[in-house]
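1. Coordinates only, no sequence provided:
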């Protein structure tokens, strides 16, 4: 037995000696926080993940969150067959902000300072700090727009710092002052050119014009804080100026082409676009939702149709010599050219909300191929196989941000808006080239807006100046069915535009002469279910015998209005409440999470 | 082959030789009483003498003896017999199987032990009996129900898949694997598919830590110890061959609703006050519903399932949407109703000089159930060779090769880019208005059957090779040293390709049907073209089912290797009354793998998919990892007069998984003791009744390190991003580091076991009962929940504790009647319950812990919280006005006011919690009425905490409880019959998807007839299911919340197997020079009793679990949507030469 133990002992000694190495097997295929921060290339890879998060474009695959047309159906531009989308009307059981991105960016900023000083050149370091601060400011802007006051952190918080983690909400202005500094820093320090499809200073400035305009107008209308408003509106102007004065961008593409091109590379209207390519499996579904084969519940409201300005620059109520009728054929040639580029030329049952089919994201040649030539649908316009590139930040938006900020600054001590400002922005957009197919149809450019002849719009909100009204109208036409409308209404404090009781044009759709255009709808089954509404609001319900009278804005009588959300106790449609579970969690741990402004605290 | 069990030396019986009588030569044949087959290698000795002989391959022996001598006949596993030599020189003996013999040798960790001396929780499986001649493709399926405490669940009917195996409870840790360690001849194998059940000689299930501690770092959740057949004991060569021919069909009717389902969809649409027609891609309204019924009356039985679809007769386009009139049969199009599989085993086995050898080749060819697939099958080829040679008296060398080559083929999902689902999901997705298995205008329509048919095979080729080399050095008779080295390697190649496919698509718009001249075709209501009148006809457009750019050829290669070195030394010390056994050893394992995949798109050749025919974009990637373990261990066994038994083990383990040196090493002890009461003198009087009685107890500590080595680091991975350069090249990205884990180290598993073994009536009846507790301490868990401001998942650490308690009972009974009829009964039953004794929320007060956290402190694992169903509301429950309309009332609860239908009675309990306040969801007749559990006069979910669960209580547990198996066997004169029952006493889940949840996606339309034929309607008020509702793809909504009545009761009893066999008489076989022959028929999985009320769901199913997709989200996690489980009937033959 002694021998046995000797043998075993020797064996153990030998093996143990070799063991140290034998048992040293770290993961082979990942970097760690300790090993990753070694080159600018890796830092760039780290920052790459923010692109798809902040620059959604048309989304990815069937994921359409944040994408136009389907991601934003709750606005006064859209009528939905059935129930209209509602605002949140009760505090949810659970739901709160996400700080995942904030933490990720704060780690990036920290590591640049603490681990990469000897690795990055000073210029590179400044650039990447600026990139990080740009994304951080972007994220906080979004958080603030949702929740108002939010906890503000500029560093990674650890699990042993409960007082930090559970700290009270930071006042919005404090957060936004931080955002302001980040944005300023980014605008001054991001590289002018950082390579193909990467964020450069103009992309930053373009987004700053949006973020700053947003905060400026929130401050002006919601918080009524003119100091903060001016601060951010000035920043918006400054940022937009930077983009405009660069001379890199222009309005030189016909409207529809911007949304339907397979290739937006080099397009001067795109400050930033997202490339799609089926060869690498990156495609989207936005075009399919408007491919004239897919039926949809969401269509344009009459309210939107009425907002399109006439080609002579006037509103439909004061048409002058232009025929202002809402007949679709007529609207195509008498409304601003963007109307023609946004809708299919015939009423269609496929759009069940309005019978006007939105083809803004469908190329003209596909429309012709399937509707005129009666050829099969190209597969890349079905399902999630769409390859068209997405404009992420359009130069037109920068121009409209710029002019709107200028107009808003007018009564805050900014300079007076001049005709030249209007010409550089709104009129430049109105002078955009027309598609040859549109010209063939008889579409013409809309007359320029003149400060001395601003249209007198009887439907104008009396609280809004005539000029600002036209600026806002221009945005509405320009960005129809994109991503901005609801956010615009919020920052203008004008969500009441979406109240169905205050605005009856929200539940009606396109103008239809049923007898000639959609006779198949006039069936016995639809008696008492559909109606038409005239331009001045008279409603005629289909009763089976009044087919001849069935001309007007289409109204589906089964549509249900939005539930009340304006001036309701304990409902604030402007800001998002946090969940009860989260508030209870704070309480259980001896902290207080205050409910969002306008929502019940208990 | 049947009787070639491992040869072991019998203990020497010392009796003085006392022989002066006349010597005679006795011959005879030794057979097994069970099947009448000869037993080779049985030992015959003259009682009291040292001389012994063995039977040859035909069971024949010859021995010289004196008249009056007593001959002893013995064979391992059989009850020994004695005969006195008389005048006859021929003595034939039929040995009776002694399956529960206490002298039977059980394989334990690194050694063997007499069954009677076991002190730990170890079950030895009688492989012959349990596997028998059943058509089982792998050992795991064969073990189902055979061992108490061993849970084997077959979650889908996918052929070639591994069942889920758990020992003693379903969970041992949240982050560990929970898988038992499966060892074949002491070498770990990654899949049960890699060992041919026919090669297995013995399986031991090691359940408690005292037994498994010797295996150390990977054995925390039990060990399945498989010993394969080695060479024969007797000189000579034996050839055996057996086969099974198997006919399969789905074990359960798959009844997908037709007209009733469409009515459900329509009713749901109307109940929800939705505008326009119901349905999705195919619409339905009251008018078309009538047409559907008319169609059935007119064409039902006239138009066949696969007759072409005709416009006008079968469907109609109203300018914006399609209405179908005809219903199709997706099950007939997709599921094979009969199928053929086969198994063959060929063995060559023998001994030559000092060398034993065993060569075996097994073949399995199994068919899956997907009818249109080019292939849906699994084939496996398992050759193996073992050799043992005794070089000298003290040196034995052994070596072996084990190889498994398995190939599974099934269609590549053409939808993989979109839904990560295969054709099975689509069979169970769309209403029966969706054409399937039919053509239009001579061309195929894109449907699940078409997708399956047009797709190329996905080929999963897995090769496993194990080489081992070992030696035993017998230094003295009592002391040996064994060293075994094994190299095993896995080479898996997954090939898939998506071809370019076109078909007529009925998802979107339509095209005008034109004749050869381009003129619009008009048809009448029968679909016949008309010259005058009629309606304009349409057709489905021909489209790309797969885009050229999405076609591809892809291969994914996985290669792993594992080196195992075991060195150990045994020493036996026999001091008469005191018996010692010592074992010391070491175990060293190194494992690594690498994998690589590459894909090239734009496949030009559909019929011969290869990289060379793909001309598009290339993508590639791969992975690699490695780990290693080392352990030294020792064990001491002590027995005093076979009465008092003690065993102690100690093991020191190290793993590479934990990076920090101070966290790598751990020491784990184990001890067990037994008391054989029946060997005490005071029990002698009871010997006739109590043949054997033993009490035993064990305690052990063992470490688990079965977590990824990533878990200890703040790792940052690189991945592809969908942001493209202008040239279309995807960016890569580097992930955000997670919160730094807190010194993650071993999870400690403490296991206690108490057991009793009793045998009664001369060993005929045996009872084994055990209770155990397994405590997982320092369980690796995510940290305490932190507020969203933390921005990351809380760091993991050894924060949790978990406790499993359970019991097991096993009964066996054997009796041979005087007429030769032998009867055997085996039964077992086991249960285990797990509690999370410490979760991440342990710092929160009990009342603040969330119900939604399955690992909350104090939670029983698997508990499901839900409402308690009372009944369905009926018309009489509501108040109506004079016009018969509902009277409404405002109900205010927690500050929210909702207007709802008024209930009769003074203080009715309202349920406006389930309403959205929009006047659509209004509790009405046919909706579920819940029990007001907390008596607050209102039904709600509280705030989701233990303290305020609202009206929710535990309504079920998802773990299988009370698992049992029951076998009855009888044999008589060569005939044998066995029946095997297996079941689960209790298991309840809240299902997922359209097969389980009423109204899950009424718009899409597929649902079981069991739901469609039994939901509440004004004229069916006694229905089981509530009124029709469409939840738009959610498993819970409105009143269809997790609740007592609609939990799926997944308990079941299956008659797993019925086998009838017959061994041909030797006299007959002799003439054809066959040593033995047996024929049998076997019915597998034939009858199932379940409580699913006709839902087409296998009660064993686990939602979202299939070998085809890891991560539990196969077919979007919907219950029962995988390859249907099947029953089979088989017939086979087993011959030996």
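-> Yes, it's here. Since the model is a prediction, treat every value here as computed from it, not as a measurement.

2. can we go C-alpha only for contacts and neighbour counts from here?
-> Will do.

3. residue nearest the centroid of chain A?
-> residue A:483 (2.8 Å; CA atoms, centre = their mean).

4. Tell me how far it lies from residue A:65.
-> As judged by CA to CA, to the nearest Å, residue A:483 and residue A:65 stand 10 Å apart.

5. same thing with residue B:1070?
-> According to CA to CA, residue B:1070 and residue A:65 sit 79 Å apart.

6. between the two, which one's more packed in?
-> Neighbour count, other CA atoms under 10 Å in any protein chain shown: between residue B:1070 and residue A:65, residue A:65 has more, with 14 against 11.

7. Got the confidence number for that one?
-> pLDDT, the model's per-residue confidence, is 90 for residue A:65.

8. any idea whether it is helix, strand or coil?
-> Per DSSP: H, G, I helix; E, B strand; the rest coil, the local secondary structure of residue A:65 is coil.

9. Touching, it and residue A:71? I think so.
-> Yes - using CA atoms under 8 Å, residue A:65 is in contact with residue A:71, at 5.3 Å.

10. residue ranges for the strands of the stretch 401-550 of chain A, please.
-> For the stretch 401-550 of chain A, strands defined by DSSP state E, counting those that start in this stretch occupy the ranges A:508-513, A:530-533, A:539-541.

11. same question, chain A
-> Applying DSSP state E to chain A gives strands spanning A:31-32, A:78-80, A:270-274, A:298-300, A:390-394, A:508-513, A:530-533, A:539-541, A:551-556.

12. so where's chain A uncertain?
-> Along chain A, the parts satisfying pLDDT under 70 run over A:1-20, A:602.

13. For beta bridges, what are the partners of residue B:94?
-> residue B:31 (DSSP bridges).

14. so how far is residue B:73 from it?
-> Relative to residue B:73, residue B:94 is positioned 10 Å away (CA to CA).

15. Please parse the chain into its domains.
-> I'll assume chain A. As given by automatic domain parsing, the domain ranges for chain A are A:256-372+A:381-431+A:439-483, A:508-556.

16. Switch to chain B, please.
-> According to automatic domain parsing, chain B comprises the domains B:23-95, B:259-326+B:506-539, B:339-500+B:547-862, B:864-956, B:958-985+B:1047-1099.

17. For stretch B:759-773, buried residues please.
-> B:759-760, B:763-773 (16 or more other CA atoms under 10 Å in any protein chain shown).

18. Next, format the residues you listed as JSON lines and append pLDDT.
-> Converted to JSON lines, the buried residues of stretch B:759-773 look like this (pLDDT from 0 to 100):
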{"residue": "B:759", "pLDDT": "91"}
{"residue": "B:760", "pLDDT": "91"}
{"residue": "B:763", "pLDDT": "84"}
{"residue": "B:764", "pLDDT": "88"}
{"residue": "B:765", "pLDDT": "92"}
{"residue": "B:766", "pLDDT": "92"}
{"residue": "B:767", "pLDDT": "95"}
{"residue": "B:768", "pLDDT": "95"}
{"residue": "B:769", "pLDDT": "96"}
{"residue": "B:770", "pLDDT": "95"}
{"residue": "B:771", "pLDDT": "97"}
{"residue": "B:772", "pLDDT": "96"}
{"residue": "B:773", "pLDDT": "96"}
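
19. now, which of the residues you listed lie within strands?
-> Secondary structure assignment by DSSP E places B:759-760, B:765-773 of the buried residues of stretch B:759-773 in strands.

20. Dump those residues to TSV, plus distance to chain A.
-> TSV is the format used below for those (distance: CA to the nearest CA, whole Å):
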residue	distance to chain A
B:759	38
B:760	41
B:765	42
B:766	39
B:767	40
B:768	37
B:769	38
B:770	36
B:771	37
B:772	34
B:773	32
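
21. Residue B:48 is nearest to which of the domains of chain A?
-> Closest of these to residue B:48 is domain A:256-372+A:381-431+A:439-483, at 82.7 Å (criterion: CA to CA).

22. Let me know whether the closest one sits next to chain B.
-> Yes - under the criterion of CA under 8 Å from any CA of the partner chain, domain A:256-372+A:381-431+A:439-483 makes contact with chain B via A:265, A:274-282, A:293-295, A:348-350, A:384.

23. residue contacts, the nearest residue to residue B:880 once chain neighbours are set aside?
-> Computed as CA to CA, 6 or more residues apart in numbering or on different chains, the closest residue to residue B:880 that is not its neighbour in sequence is residue B:886, at 4.5 Å. Listed by CA atoms under 8 Å, 6 or more residues apart in numbering or on different chains, the contact partners of residue B:886 are B:878-880, B:901-902.

24. so which of these is the most crowded?
-> In terms of neighbour count, residue B:901 stands highest of those at 23 neighbours, by other CA under 10 Å.

25. Residue B:877 is in contact with that one, correct?
-> No - between residue B:901 and residue B:877 no contact is recorded; they are 10.0 Å apart, counting by CA under 8 Å.

26. Now residue B:897. Nearest residue, chain neighbours left out?
-> In space, residue B:897 is closest to residue B:891, 5.5 Å off (CA to CA, 6+ apart).

27. residue in the stretch 101-250 of chain B nearest to chain A?
-> Closest to chain A within the stretch 101-250 of chain B is residue B:217: 13.3 Å, counting by CA to the nearest CA.
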